[in-house]
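1. With the input below, show me the fold.
(2 chains)
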2 protein chains.
Amino acid sequence: MKKYLALLIGSFLSLALKAEKTDSLWFRNYTPQKAEVICKKHSPTLTIAASELRKAWQGIPVELRLQKGKEYKELGQEGFTIRTSADDQKIVLSSMGEEGILYGAYHLLRLQQTGELTSPLDIKESPSYKIRILNHWDNLDGTVERGYAGHSIWQWDKLPDVLSPRYTEYARANASIGINATVLNNVNASPQMLSTEYLQKVKALAEVFRPYKIKVYLSINFSSPAELGGLPTSDPLDAAVRCWWKKKADEIYKLIPDFGGFLVKANSEGLPGPQDFGRTHADGANMLADALKPHGGIVMWRAFVYSPGDSDRAKQAYQEFMPLDGQFRENVIIQVKNGPIDFQPREPFSPLFGAMKKTAVMPEFQITQEYLGFANHLVYLAPLWKECLESDTYQQGKGSTVARVTDGSIYPHQLTAIAAVANIGDDANWCGHPFAQANWYSFGRLAWNHELTSAQIADEWISQTFPKKDFLSKEKETCVPLNADSWKTLFLPRVRTMMLESREAAVDYMMPLGLHHQFAFGHHYGPQPWCDVPGARADWLPKYYHKADSAGIGFDRSSTGSNAVSQYQSPLCEEFDDVATCPENLLLWFHHVSWNYKMKSGRTLWDELCYTYDRGVQEARSFQKTWDMVKPFVDKARFDDVQRRLKIQTRDAVWWKDACLLYFQQFSRRPIPCDIERPIHDLDRLEKYHLKITNYENAFEGVGGQLLPSGHP
Amino acid sequence: MKKYLALLIGSFLSLALKAEKTDSLWFRNYTPQKAEVICKKHSPTLTIAASELRKAWQGIPVELRLQKGKEYKELGQEGFTIRTSADDQKIVLSSMGEEGILYGAYHLLRLQQTGELTSPLDIKESPSYKIRILNHWDNLDGTVERGYAGHSIWQWDKLPDVLSPRYTEYARANASIGINATVLNNVNASPQMLSTEYLQKVKALAEVFRPYKIKVYLSINFSSPAELGGLPTSDPLDAAVRCWWKKKADEIYKLIPDFGGFLVKANSEGLPGPQDFGRTHADGANMLADALKPHGGIVMWRAFVYSPGDSDRAKQAYQEFMPLDGQFRENVIIQVKNGPIDFQPREPFSPLFGAMKKTAVMPEFQITQEYLGFANHLVYLAPLWKECLESDTYQQGKGSTVARVTDGSIYPHQLTAIAAVANIGDDANWCGHPFAQANWYSFGRLAWNHELTSAQIADEWISQTFPKKDFLSKEKETCVPLNADSWKTLFLPRVRTMMLESREAAVDYMMPLGLHHQFAFGHHYGPQPWCDVPGARADWLPKYYHKADSAGIGFDRSSTGSNAVSQYQSPLCEEFDDVATCPENLLLWFHHVSWNYKMKSGRTLWDELCYTYDRGVQEARSFQKTWDMVKPFVDKARFDDVQRRLKIQTRDAVWWKDACLLYFQQFSRRPIPCDIERPIHDLDRLEKYHLKITNYENAFEGVGGQLLPSGHP
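-> A predicted model of the protein is given here:
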């Protein structure tokens, strides 16, 4: 009996394991090959490169060559060339480093997938940023802060003994898009992360990642010396504290010789930091930098700081960090969120970019969609990141884009880096929404080459993610006629357009024209412009940001207001300061504008707000149409999944539109223009409605989306 | 202290009373006048007529004249003339009966409201039907079956001592539109209704109604002799039973000399009836008729009967009643629902109309919106009733419309009548939805004159219900420019159009093309085409009616199916029988049609179904636009109320469309055409969703309408 039971349990387990099979991301279109690959040297990394090509390359033989010389020295360890040999008989992939060979192999396979292989090949690539790093906001208990794709992929309780196959898949996926670093744990860090027990686990992960050339970093808790080490203080100028950190660094590097360094969130949102001891951010960062320096490690110190108080929250990071410019060690880099508030659907770039001239500065993006509909909304983020990277700071004259002031082009800092908060969890599809994989992909590609366009990256991702075959037999599933070219003429362009329009659509239905932070308290899903939590910090409440009244709406950050505009370099400062020249998509970020204000469209601000929210809804509806149209091109499981999420997105778009327009209408006292779709919700109902989720909850289905016909469940 | 408490309670009570003030229906535009009215005779009825004119008439003096002579004999007690005197100095309203004077007075006031007063006046009116009767489905416990406007207005527990002011308002409202009879209690009748205690209460109501010329009728339970009288049987051929009914009739008429008679639902949906004793409907009806005959009372015997069994439910009433034609007493009239099933959004007319030639037959309509969105949906029902009344039965050749075979034009029955199930409750606005008042109004007007158009009646109702003033000062509340004529050029036509389109819109979003009875089980709110209740009668389940399968959809009632078409007179029988000539709006009523069937539009049936459901949704959205546009013309309370209900209607329209299309798509296996708005709900969620209401529940808010952003309340 026992035996049968065991068998039964066994088969359940194997079913469960089968069901949990992860999907193959952007490797989906690989078809098994036995390509000829020549590689004279051997190493774990070269083996991976050769093996990937052997399995999937469909062309003439490829030779992998570790090569010296000026060209390769300039390209660096990670750069590579791919060239067809003079006799057209093989392709030669050359690099000074194994890294370059690995990236070149994936590059070649990518070109094959996207149909961009030219003959002869003459490719030369090297990365825009030296460190291209994911930040996992994963907690040691398996939850993921702002994670919407299940639990953490790090199985801390099973490490270091059990190594999930996910770890390798994760490393491979990152390597294939050029990501070379990862911070394993939440910036809201537990001191326990640095315990010897946990470092053993980190070591195990680092060993899986090493052949894929991915370095491990850790977020640290600034109070670790006290909380973990038992010291009476964590004062960065205290000798015992400095000693503790040095010893801790030694311990780490003994286990993980290529350990990357520390990511630090200090004196921010209640976390400890050097200011607790009367020291500066520089004192804190430099102490850690000194401990890591002998081992070649670095410190990524976050500029995301703000205190409850009178000062405009958007100004605070600049105010705190600018006076410290020049005081940081060379192995410190300041990690700055793209905007001055917090990963909003649209923000102006942070004024710290380009302004800190004597300090290395790196952008921090957010792949996980904390403010963009979690895993329910299809929002392709490359356009958001490109918008930031291409913003001109004017700090060294015209053309001083955020990209160029951070990638080493303008300032000669040795250290360049770009980070993004991951959207990865243990869901079978990794990222929750099938299209959220495109955001992981895009970050990697942009970090490698920030000059790629959003459309190029979308095309790459689509080509590698959706098969190009078998659609003709499913023609009946769509209303449009298909032919052999339809993948290229229908599927690709329509899905690309949907992706490219999706971020602007989200801005439209969530908070257009420079509105920001109208999110529900705490979990940030859905609208709550009316939110009032007794005792809550003012700058955690939407009213702080919209400031709607009978006169108008928006946060006056002009020279007559908080004067946040002054943190920007001329002529941007003047452009933002003047309501007439301020870009309309940032209007309510910088100005409190009259409801009657005449927009460039000729409409009043109120009407424009209405039309824009409505456009957002119509855009969401159009995504649904696009998706239904391309049904024959997508496997049933993914089709159904995306279709279901698009329904939620449309329902949520209507929810956002109704909530915001009906709420703001109380101030504007103007009618919603007659020709747009009417609200279907009642404000009083929406105001009473609360989603029962918390910041850390991450495994829920259809949250915010169950617009069922009644309030009853 | 006690004193203050009493004061406090007192002021709460007075507030409560104030809040419960009923609204003034279609008397809303009366402005106080002191008109000259001449009336030489006196009676309670004449006093009412004169007083109404004195209070509201704005023209030259009016003389009320009880007049004899051929013209007035032909017009009858209820008919009247209104003519300007030869010297243009007064208006003379003449009738043979006080009834005619009363109706004439209201007619004159109506013409004043609608701006249709011509000079000189030369009006001659008499009613289409002799008995114009409301059926209240009110239970003695105060609930109202299929009532959506609160509880019963009959306060049985307080009667006969306390007479609510509502009773007079009710009588006045009915008299003003020509309703001259009312059945106070539910056709699912309690035997207790005939107890002496309750008859005393009925007497009190009859006395309030009498001056308004409204006769009281009662629904009776066929088992009353046994259940109330204690007899061993209620067999209609049993002498003691017949005697019991005779005595009961005598008792009633002693209390209420002008008592109208009985309404009977027998052997239907589990209620007792003559068939329980092996007798026929004729035996039962005739026994009651004999009891009432000496007093001039009548029996209205309902033909709404159907048994669980093999036979198509649509055929059963005809099958049971046709053989009895000619067997009923002269003071019996058969009450037939407009369609053969049950007050669906669209049905063909019942084949009993015109077919029963030797028996008086009366139409039964449903004002309360059991199948039309309760009090949440704006559905103007005059077009539905007109459609039935104007249907040609061909029973006496072309032109034998339902109206003409029931109003005495074609068959010479003395007894003519028309009934409708009331939508009245104790809500402050009487009918739940402010626009549901228009349905009460329309029934009265159509019963008086079935040749009035739906548009005419809508115009009358709008003119009397919405003030024509003060809108210019509220111009800012709408997006359209206003001028002094806007009531006539904007408000009236737009609201009229909305009303006229509303019934077809409901058909479109609920069950177009002849689909029927796809309602949720029991309460009939919302869609449930998938419904399967174990042990339930087959003909109470939507699948019985839609019969969707992989081949097509619809109930085959053609000659190759249930042959229900054979119950219709030629050439209708042949027209319905042939899929090519069957009206498309009844196609799936009479045929099981292939998904691929080519409709007149050139579309396939499936596509047509999709487009029609979608049109319903767009129509609901357009009503919202219309209403928002006319905001300046409506007081805030009614505006907000209707706006809120229109939101529910749109949400419900989307719910209907998504539920039906996604459900039927499982059979059609065809895509929803690419250019229409996509579903936003998931079928599996909708299938799990159940409204927690019962048949009898009637006081709920926003039921089915709370499409909140999540399933959580």
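2. for residue A:162, what are its contacts?
-> With contact taken as C-beta atoms under 8 Å, 6 or more residues apart in numbering or on different chains, residue A:162 is in contact with residue A:155. For every residue, glycine as well, the C-beta is placed using N, CA and C.
3. actually residue A:250, not the one I typed
-> residue A:295 are the contacts of residue A:250 under C-beta under 8 Å, 6+ apart.
4. List every C-alpha atom in the strand or helix carrying it, with coordinates, as PDB.
-> Secondary structure from DSSP states H and E places residue A:250 in helix A:239-255. What follows is helix A:239-255, C-alpha atoms only, in PDB (Å, rounded to 0.1, in the frame of the first residue of the first chain):
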ATOM      1  CA  ALA A 239      37.300  52.100  13.600                       C
ATOM      2  CA  ALA A 240      35.700  48.800  14.800                       C
ATOM      3  CA  VAL A 241      32.900  49.300  12.200                       C
ATOM      4  CA  ARG A 242      35.400  49.900   9.400                       C
ATOM      5  CA  CYS A 243      37.300  46.900  10.500                       C
ATOM      6  CA  TRP A 244      34.100  44.800  10.600                       C
ATOM      7  CA  TRP A 245      33.400  45.700   7.000                       C
ATOM      8  CA  LYS A 246      36.900  45.000   5.900                       C
ATOM      9  CA  LYS A 247      36.800  41.600   7.400                       C
ATOM     10  CA  LYS A 248      33.400  41.000   5.900                       C
ATOM     11  CA  ALA A 249      34.700  41.900   2.500                       C
ATOM     12  CA  ASP A 250      37.700  39.600   3.000                       C
ATOM     13  CA  GLU A 251      35.300  36.800   3.900                       C
ATOM     14  CA  ILE A 252      33.100  37.400   0.800                       C
ATOM     15  CA  TYR A 253      36.000  37.500  -1.600                       C
ATOM     16  CA  LYS A 254      37.500  34.400  -0.200                       C
ATOM     17  CA  LEU A 255      34.300  32.700  -1.100                       C
END
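5. Okay, buried residues for that helix please.
-> For helix A:239-255, burial by neighbour count (16 or more other C-beta atoms under 10 Å in any protein chain shown) applies to A:241, A:242, A:244, A:245, A:246, A:248, A:249, A:252, A:253, A:255.
6. Which elements pack onto the helix or strand residue A:166 falls within?
-> Using DSSP H and E, residue A:166 maps to helix A:165-176. Contact analysis of helix A:165-176 by 3 or more C-beta pairs under 8 Å, 6 or more residues apart in numbering or on different chains; DSSP states H and E lists helix A:98-114, helix A:196-209, helix A:437-448 as its packing neighbours.
7. Tell me which of those helices lies nearest to chain B.
-> Judged by C-beta to the nearest C-beta, the one of the helices and strands packed on helix A:165-176 that comes nearest to chain B is helix A:437-448, at 21.5 Å.
8. Nearest spatial neighbour of residue A:443, chain-adjacent residues omitted?
-> residue A:420 (4.5 Å; C-beta to C-beta, 6 or more residues apart in numbering or on different chains).
9. in terms of contact, does residue A:129 touch residue A:415 like I think?
-> No. The criterion here is C-beta atoms under 8 Å, and residue A:129 misses it with residue A:415 at 9.8 Å.
10. If you count surrounding residues, which of those two has more?
-> residue A:129 (24 against 19; other C-beta atoms under 10 Å in any protein chain shown).
11. Helix or strand: which one has that one?
-> Counting by DSSP H and E, residue A:129 is part of no helix or strand.
12. quick one, what contacts it?
-> Contact analysis of residue A:129 by C-beta under 8 Å, 6+ apart lists A:362, A:406, A:407, A:416, A:417, A:418, A:447, A:448, A:450.
13. For chain B, give me its nearest residue in the stretch 301-450 of chain A.
-> For the stretch 301-450 of chain A, C-beta to the nearest C-beta, closest residue to chain B: residue A:376, 11.1 Å.
14. mind pulling up the phi and psi values for that residue?
-> Phi and psi for residue A:376, reported as degrees, to the nearest 10, are phi -90, psi -30.
15. What of residue A:362?
-> According to degrees, to the nearest 10, residue A:362 has phi -130, psi 140.
16. Excluding chain neighbours, give the residue nearest to it in space.
-> Nearest non-adjacent residue to residue A:362, counting by C-beta to C-beta, 6+ apart: residue A:417, 4.0 Å away.
17. what's near enough to touch the one you found?
-> A:129, A:130, A:131, A:132, A:133, A:181, A:300, A:333, A:335, A:360, A:362.
18. can you rerun that using 6 Å?
-> For residue A:417, the contacting residues are A:129, A:131, A:333, A:362, by C-beta atoms under 6 Å, 6 or more residues apart in numbering or on different chains.
19. for residue A:168, same thing?
-> So residue A:168 contacts residue A:208 (C-beta under 6 Å, 6+ apart).
20. Do a quick rundown of the helices in the stretch 251-400 of chain A.
-> Using DSSP state H, counting those that start in this stretch, the helices found in the stretch 251-400 of chain A span residues A:281-292, A:313-321, A:382-389.
21. which strands and helices sit next to the first one?
-> In terms of contacts (3 or more C-beta pairs under 6 Å, 6 or more residues apart in numbering or on different chains; DSSP states H and E), helix A:281-292 is packed against helix A:239-255, strand A:298-302.
22. Of the ones you listed, which is nearest residue B:327?
-> strand A:298-302 (93.2 Å; C-beta to C-beta).
23. mean confidence score for the helix holding residue A:166?
-> Average pLDDT, helix A:165-176: 98.
24. my read is residue A:124 is in a helix, agree?
-> No. Counting by DSSP: H, G, I helix; E, B strand; the rest coil, residue A:124 is located in no helix; its state is strand.
25. So it is in contact with residue A:81, correct?
-> Yes. Using C-beta atoms under 6 Å, residue A:124 is in contact with residue A:81, at 5.0 Å.
26. out of these two, which sits in the more crowded spot?
-> Between residue A:124 and residue A:81, counting by other C-beta under 10 Å, residue A:81 is the more crowded of the two (21 against 13).
27. Tell me which residue is most central in chain A.
-> In chain A, the centroid-proximal residue (C-alpha atoms, centre = their mean) is residue A:367; its distance is 2.0 Å.
28. Not counting its neighbours along the chain, what's nearest that one?
-> Distances taken as C-beta to C-beta, 6+ apart put residue A:423 closest to residue A:367, at 4.4 Å, once the chain neighbours are dropped.
29. Please list all residues in contact with that neighbour.
-> With C-beta under 6 Å, 6+ apart, residue A:423 has these contacts: A:367, A:368, A:431, A:436.
30. ok, how many other residues are close to the last one?
-> The reference is to residue A:436. 30.
31. How about the second one?
-> Burial measure for residue A:368: 31 neighbouring residues, criterion other C-beta under 10 Å.
32. follow-up on the earlier one: just send the helices and strands packed on helix A:165-176 back as CSV, with mean pLDDT and mean neighbour count too.
-> As requested, the helices and strands packed on helix A:165-176 are exported to CSV (pLDDT from 0 to 100; neighbours: other C-beta atoms under 10 Å in any protein chain shown):
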stretch, mean pLDDT, mean neighbour count
helix A:98-114, 97, 23
helix A:196-209, 98, 18
helix A:437-448, 98, 26
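33. mind checking which of those is nearest residue A:678?
-> Going by C-beta to C-beta, the one of the helices and strands packed on helix A:165-176 nearest residue A:678 is helix A:437-448, 33.4 Å.
34. and the closest one, what other elements does it pack with?
-> Packed on helix A:437-448, when contacts are counted by 3+ C-beta pairs under 6 Å, 6+ apart, are helix A:454-465.
35. Repeat the analysis, applying 10 Å as the threshold.
-> Identification of packing neighbours for helix A:437-448 by 3 or more C-beta pairs under 10 Å, 6 or more residues apart in numbering or on different chains; DSSP states H and E yields helix A:98-114, strand A:131-135, helix A:165-176, strand A:360-366, helix A:382-389, strand A:417-421, helix A:454-465, helix A:492-510.
36. Reformat those as JSON lines; add distance to residue A:54.
-> Shown next, in JSON lines, are those (distance: least, C-beta to C-beta, whole Å):
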{"stretch": "helix A:98-114", "distance to residue A:54": "10"}
{"stretch": "strand A:131-135", "distance to residue A:54": "26"}
{"stretch": "helix A:165-176", "distance to residue A:54": "15"}
{"stretch": "strand A:360-366", "distance to residue A:54": "35"}
{"stretch": "helix A:382-389", "distance to residue A:54": "31"}
{"stretch": "strand A:417-421", "distance to residue A:54": "31"}
{"stretch": "helix A:454-465", "distance to residue A:54": "18"}
{"stretch": "helix A:492-510", "distance to residue A:54": "28"}
